[in-house]
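> Can you look at this prediction? I've put the sequence above it.
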Amino acid sequence: MAAMFRSVPQVFRGSRCALVPLSARTISKRADERRPLADKVAVITGSTKGIGFAIAQRLAQNGAHVVISSRKQQNVDHAVAMLKEEGLSVTGTVCHVGKAKDRQHLVATALEHSGGVDFLVCVAGVNPLVGSTLGASEQIWDKVLDVNVKSPALLLSRLLPHMEKRGGSCVVLVSSVAAYLPVPTLGVYNTSKTALLGLSKSLAIELAPKGIRVNCIVPGIIKTDFGLGLGVREKTMSNMLPDLNKIYGLQRFGEPEDCAGIVSFLCSPDASYITGENIIVAGFSPRL
Ligand SMILES: NC(=O)C1=CN([C@@H]2O[C@H](COP(=O)(O)OP(=O)(O)OC[C@H]3O[C@@H](n4cnc5c(N)ncnc54)[C@H](OP(=O)(O)O)[C@@H]3O)[C@@H](O)[C@H]2O)C=CC1
Ligand SMILES: CC1=C(/C=C/C(C)=C/C=C/C(C)=C/C=O)C(C)(C)CCC1
């Protein structure tokens, strides 16, 4: 392996700049600075594509071992293979977050492979309905609330005893600007994402005495199958968006990677005094 060097001033060497080996301690300190999540373990739901995949990739690049998950085995296998090809430390398992057995299996897999869990990032979310809020069936309400709102809390309650032991643990939820700016025809989804803002605040105060931080990211329109699907299905919205973006926004829609750096930061020691925040990643801000 190539040795690491630092330059020393010419006064010591008679040339403009000479190289001397760095001490092992300095090298490892610098490596830690580049990999702020080294030796940490992250469990991420809904992480085989889109926003969840970008977050998984970034946390792993920053040193964490990441446990990938989603509903479909072939998506899990594909995501794990892609990240392993990059030399990243990942394992994967199927987990439909709305199913208690799958949540239990996700926790067991993470513990079995990694011995503990430091971070839980809840990305999985669904929107099965474009239409009237009051026309939504009880089945639709149950599905959206089960997956989007209840599952992060139920999964966390299973992981909590293991996270508590670690020190410096944190949770990141994924809401949506639809929480602040209700999107017409997505009333049930809007409601679920507003509930997540409240869930992150409540969990933050409940877990603060245990030293566990809870924050929430609030993405705007991000270019994923889900985000673009919402835009094109709703004609009024796709007509309206370019104009709105021109007037208020950063003149572009988001990329999944736009959500990754902030989650890595929230998990890092640099965010160790930040909890209960809902952070908008939308190219515009829909609140004061
Ligand atoms: N894209 C956007 O514009 C915005 C998205 N969001 C939120 O971001 C999150 C991710 O969305 P995005 O990345 O765009 O979506 P994508 O469709 O790109 O990816 C969704 C991921 O979640 C998995 N998934 C879906 N349902 C479940 C489930 N029930 N249990 C576990 N995994 C599941 C999918 O894999 P599989 O099919 O194998 O389960 C896939 O890996 C959602 O919570 C969404 O509400 C918020 C604001 C804007
Ligand atoms: C108001 C407004 C916008 C529209 C935002 C909308 C309509 C967001 C919909 C989000 C959805 C559907 C999220 C899903 O989770 C733009 C175009 C960003 C530009 C700035 C002003």
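Cool, got the structure. Ligands and ions are numbered 1, 2, ... in the order given.

> who in the stretch 151-288 of the chain is up against ligand 1?
Proximity of the stretch 151-288 of the chain to ligand 1 (CB under 6 Å from any ligand atom) is limited to residues 174, 176, 219, 221-222, 224-227. The C-beta positions use only the backbone N, C-alpha and C, and glycine is treated the same way.

> ok, which of the residues you listed also contact ligand 2?
Checking those against ligand 2 (CB under 6 Å from any ligand atom), the matches are 176, 221.

> out of the residues of the stretch 151-288 of the chain next to ligand 1, which one sits closest to G249?
Within those, proximity to G249 (CB to CB) peaks at I221, which comes in at 9.0 Å.

> how many neighbours does that closest one have?
23 (other CB atoms under 10 Å).

> Please verify my assumption that it contacts P256.
No - applying CB atoms under 8 Å, one finds I221 not in contact with P256, separated by 11.7 Å.

> Got phi/psi on the residue nearest to K201 when sequence neighbours are not counted?
Among residues not flanking K201 along the chain, G276 sits closest, at 5.4 Å (CB to CB, 6 or more residues apart in numbering). Here the main-chain torsion angles of G276 (degrees, to the nearest 10) amount to phi 80, psi 20.

> and what of A42?
According to degrees, to the nearest 10, A42 has phi -120, psi 130.

> give the contact list for it.
56, 59, 64-67, 117-121, 267 (CB atoms under 8 Å, 6 or more residues apart in numbering).

> can you tell me which of the residues you listed are in helices?
Those of the contacts of A42 mapping onto helices are 56, 59, 267, per DSSP state H.

> State the distance from the last one to S151.
In this structure, C267 lies at 20 Å from S151, with CB to CB, to the nearest Å as the measure.

> what about these two, which has more around it?
C267 (29 against 24).

> need the residues of the protein near ligand 2, please.
Residues of the chain lying near ligand 2 (CB under 6 Å from any ligand atom): 176-178, 181, 183, 220-221, 230, 237, 241, 244-245, 248-249, 283-284.

> Go again with 5 Å.
Residues of the chain lying close to ligand 2 by CB under 5 Å from any ligand atom are 176, 178, 183, 220-221, 230, 241, 244-245, 248-249, 284.

> list the contacts for the nearest residue to D77 once chain neighbours are set aside?
In space, and not counting its chain neighbours, D77 is closest to G92: 7.1 Å by CB to CB, 6+ apart. Counting by CB under 8 Å, 6+ apart, G92 touches 48, 67-69, 76-77, 79-80.
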